[in-house]
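Trainee: Structure for this input, please:
(6 chains)
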Number of protein chains: 6
Amino acid sequence: MSLQLTEYADASAEVRAVYDDIMGTRQTDWINNFWKALAADPATLKRTWESIKEIMAPGALDPLTKEMIYLAVSASNQCGYCIASHTAAASKKGMTDAMFHELMAVVGMANETNRLAAGYQVEIDQQFK
Amino acid sequence: MSLQLTEYADASAEVRAVYDDIMGTRQTDWINNFWKALAADPATLKRTWESIKEIMAPGALDPLTKEMIYLAVSASNQCGYCIASHTAAASKKGMTDAMFHELMAVVGMANETNRLAAGYQVEIDQQFK
Amino acid sequence: MSLQLTEYADASAEVRAVYDDIMGTRQTDWINNFWKALAADPATLKRTWESIKEIMAPGALDPLTKEMIYLAVSASNQCGYCIASHTAAASKKGMTDAMFHELMAVVGMANETNRLAAGYQVEIDQQFK
Amino acid sequence: MSLQLTEYADASAEVRAVYDDIMGTRQTDWINNFWKALAADPATLKRTWESIKEIMAPGALDPLTKEMIYLAVSASNQCGYCIASHTAAASKKGMTDAMFHELMAVVGMANETNRLAAGYQVEIDQQFK
Amino acid sequence: MSLQLTEYADASAEVRAVYDDIMGTRQTDWINNFWKALAADPATLKRTWESIKEIMAPGALDPLTKEMIYLAVSASNQCGYCIASHTAAASKKGMTDAMFHELMAVVGMANETNRLAAGYQVEIDQQFK
Amino acid sequence: MSLQLTEYADASAEVRAVYDDIMGTRQTDWINNFWKALAADPATLKRTWESIKEIMAPGALDPLTKEMIYLAVSASNQCGYCIASHTAAASKKGMTDAMFHELMAVVGMANETNRLAAGYQVEIDQQFK
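Mentor: Residues are numbered from 1 along each chain as shown, chains lettered A, B, ... in the order given. Okay, here's the model as predicted:
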C-alpha cells in the first residue's frame, strides 16, 4: 500500500485533465493535497471532483453559503484537513471573521441541542410531520 | 427518573417566562416538545434558550443562513428530532425546496470527502496554515 | 438473514447460561432485547456479557458512576436503544432526576466545545502534554 | 480569516474580565489555548465560559464526576484537544490512574454496544418506555 | 418544504430513466424509498445513483464484500434506514447469518478500540508511517 | 495521571504474556503503541486483546475481509491512529492499492447516503422489515 501525492509533472493525462479543470474552475494555479492523494485512484478523483463541481456551483444557494455549510459539517465532524481547507476556501469567497464566529457558534449549539434532544428522548411534534 | 413534557398550564413562573419569551421571539403561539422536555430542568431550559436566542439573532449572517447551518449539522449528526424541527424552522424563514436540496447535497458530499481525507491520511497543505 | 429475539424457553444451554448469569448478576428476572438479539450469535453474546460484567463491576469507580458514563456516551452517540436502557439502569442504581439533568447538561456542553476546539483549530497547550 | 490566540496583555477589558474569572474560579494563573482562541469572538467566549461555569459547579453531581463525564464524551468524540485538556482537569480534581482506566473501559464498551444495538436493529423493550 | 416520495407513475422522464436503470442493474421490479425521496431533486438522484453504480460494480473487491463494507459503515454510523436496506442488499448478494454476526463483531470492536486509541492519546508508530 | 508506553523489558509477567501472544499470533517481533499504552491497565489489555484475537480469527469471513471492515469503520470514524495501523495490517494480509481505493470509495459513499437518508427523513420500506 502506498499513500503518495501525485504532482502535476508526474500525472497521467487523465489526472492532468482533472487538475486543469480544478485550477480553471477555482481560478488558482495550484492543487491541494486532497486531490493529489485521490489521484492514486483516477476514477475516484474524477467522480469526486465532478460531483463537487456540480454541487458547489451557484444555484438556489450562493457559493459562499455552500462553502460555509461545507465548513460547518467539517467542523462538526472534526476533520482537521477539511476544516483547514474549507476555512481557507470560505475566506477566499468572502467569509469574514464575524461570519466565521457566528457560523462556529451555530455549529457548537447544534451539537449541544442534538444530544439534549436525544438524551431527553424527545418525540417529534405532530406539527413537524 | 421521569421524562415528561411540561405544558404551559402546569409550568412554574420561571418556566412560563421562558415559554413566553420563546413564543414572543418566534412569533408563534405554541411550544415544541424540545422545550417542554427541558423544562424538567429549568436552569438548562433557561440557559439553552438564552444561548440560542443570542446565537440565532441577525448578525453577520442572516437568520435563514443560520437556520440552514443548524439543519446541516443536524442532518450530518442524523438527529431525527432536530432534522424535523429545523427543517420546519428553515422553511418558515424562507428555505425553498431547491435550497433544501442543495443544502442536503453539500451535507452529503462533505461527509464523503471528510472520510476520504481521513482514510487517505492527507496532510494539511502549507498554504492552509 | 434473520434478525430475531431468542426467548429463554427457546434458548440453547449455552445461551441460557449467559441469560442466567445476567439475571443473577443484575438481580432481575427478565432479559432485555439487546441480549435476546445477540443470542443469535452465542460467541458474541458470551464475550460481550463477560466484558460488560467485568467492566461494570465495582472498582475505582462505583457502579452508578460507571452507569452514568455509559449513559453519557450513549446520549452523545444518539443511540436510542442504549439511552433508554441505560437511563433505566442508572435510575435503578440511584440516579436521581437532578443527577440526570446535570449529566445531560455536561454531555451537551462537551459536544459543543469539542466542535469549537476543532473549528478554531486550537493547538494543545504545552502544559497538557 | 485570522485564527489567533489572544494573550492577556493584548486583551480588551471585556476579554480580560472573562480571563480573570476563569483563573479565579479554577484557582490557576494561566489561560489555556481554547479560551485564547475563542477570545477572537468575545460574545462566544463569555457565553461559553458562563455556561461551563454554571454546568460544572458542584450540584447533584460532584465536580470530579462531571469532569470525568466531560472526558468520556470527549474521548468518545475523539477530540484530541479536549481529551488532553479534560484529562489534565480531571487529574487535578482527583482522578487517579485506576479511575481513568475504568472510565476508558466504559467508554470503549459503550461505543461497541451502541453499534451492536443499531446493527441488530434492537427495538426498545416495553419496560424501558 | 415538502418531503414526499415520487412513485414511478408520477415521475418525469428524467426520473423514470434513473428508476429503470436502478431496477435493471439490480434485477428487481421495485424502487425503495431512498430513491423515491431523492427524486424530488433529479440532479442529486442521478448523480448519487451513477456514483453508487460505479462504486459498487465488481472490481478488485467483489460486490458482496463492498455491500458488507457499506453495511459496516452504516451500522457504525447508526443510520436506521441504511442498516435495514443494506442488510437486505447484502443478504440478497449472499451474506449468511454467520457472516453478518462476524461483521457486526468487527464493527463493534473497531468502535471500541477507536476510542481507546483516542483516549489514551496513542501516537502513531514509526513503522506505520 | 501518567500516559506512558510500557516496553517489553519493563513489563510485568502478566503484560509480557499478552505481548508474547500478540507477537506469536501475528507472527511479528514487535508490539505497536496501542498495546503499549493499554498495558498501563493489564485487565483492559488482556480483555481487549483476547476479544480481538477471537473476533479477527478466520471464520465465515476471511481475515483480510475482517481487516478491511475494521479499516472501513476506522476511516469512517476518522481515527488517525487506527487508520494508520489497520491500513498497515490490511496491506500485510494482502490488500492491494486497488482494493484500498475501492474500499475508500465505498466508505465515502456510505457516509454520504447515510446523511441523505437522514436529512430526507426516509422511512424504512415494508420490504426491509
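Trainee: ok, which stretches of chain A are strands?
Mentor: Counting by DSSP state E, chain A forms no strands at all.
Trainee: What are the boundaries of the helices in it?
Mentor: A:13-26, A:33-38, A:42-56, A:63-76, A:80-92, A:97-119 (DSSP state H).
Trainee: What angle do helix B:63-77 and the fourth one make with each other?
Mentor: Right, the one you point to is helix A:63-76. 40 degrees (axes from the mean of the first three to the mean of the last three Cα atoms, to 10 degrees).
Trainee: wait, does helix A:63-76 contact chain B?
Mentor: Yes. Helix A:63-76 reaches chain B (Cβ under 8 Å from any Cβ of the partner chain) through A:Thr65, A:Lys66, A:Met68, A:Ile69, A:Tyr70, A:Ala72, A:Val73, A:Ser74, A:Ser76. C-betas here are computed from N, CA, C, even on glycine.
Trainee: go on, the shortest one?
Mentor: Yes. For a cut-off given as Cβ under 8 Å from any Cβ, helix A:33-38 has contacts with chain B, namely A:Asn33, A:Phe34, A:Ala37, A:Leu38.
Trainee: before we move on, what about the longest one?
Mentor: Yes. Helix A:97-119 lies in contact with chain B when judged by Cβ under 8 Å from any Cβ; the contacting residues are A:98-99, A:101-103, A:105-107, A:109-114, A:116-118.
Trainee: Write the ChimeraX selection for whichever of these are buried.
Mentor: Filtering those down to the buried ones (16 or more other Cβ atoms under 10 Å in any protein chain shown) takes a single ChimeraX command:
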select /A:99,101,102,103,105,106,107,109,110,111,112,113,114,116,117,118
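Trainee: out of the residues of helix A:97-119 next to chain B, which touch chain C?
Mentor: A:Val107, A:Met109, A:Asn111, A:Glu112, A:Thr113, A:Asn114, A:Leu116, A:Ala118.
Trainee: ok, now which ones touch the first one?
Mentor: Same thing as A:Val107. Listed by Cβ atoms under 8 Å, 6 or more residues apart in numbering or on different chains, the contact partners of A:Val107 are A:Ala72, A:Ala75, A:Ser76, B:Ile69, B:Val73, C:Arg115, C:Leu116, C:Gly119.
Trainee: from the residues you listed, which single one is nearest chain E?
Mentor: A:Ser76 (13.6 Å; Cβ to the nearest Cβ).
Trainee: what's the neighbour count on the closest residue to A:Gly119 other than its chain neighbours?
Mentor: Leaving out its chain neighbours, the residue that sits closest to A:Gly119 by Cβ to Cβ, 6 or more residues apart in numbering or on different chains is C:Ala75, at 3.6 Å. Neighbourhood size, C:Ala75 [other Cβ atoms under 10 Å in any protein chain shown]: 27.
Trainee: C:Ala75 touches A:Ala117, doesn't it?
Mentor: No. Checked against Cβ atoms under 8 Å, the pair C:Ala75 and A:Ala117 is beyond contact range at 9.8 Å.
Trainee: Out of the ones next to chain C among the residues of helix A:97-119 next to chain B, the closest to D:Gly59 would be?
Mentor: Minimum distance to D:Gly59 across these is 17.1 Å, recorded for A:Leu116 (Cβ to Cβ).
Trainee: distance of the residue nearest to that closest one when sequence neighbours are not counted from D:Asp41?
Mentor: Spatial nearest neighbour of A:Leu116, chain neighbours left out: C:Gly108 (4.9 Å); criterion: Cβ to Cβ, 6+ apart. Using Cβ to Cβ, to the nearest Å, we find C:Gly108 at a distance of 20 Å from D:Asp41.
Trainee: Nearest residue to A:Gly94 in space, please, no chain neighbours.
Mentor: A:Leu64 (5.1 Å).
Trainee: what does chain A put close to chain F?
Mentor: A:Met1, A:Ser2, A:Leu3, A:Ala40, A:Asp41, A:Ala43, A:Thr44, A:Thr48, A:Asn77, A:Gln78, A:Cys79.
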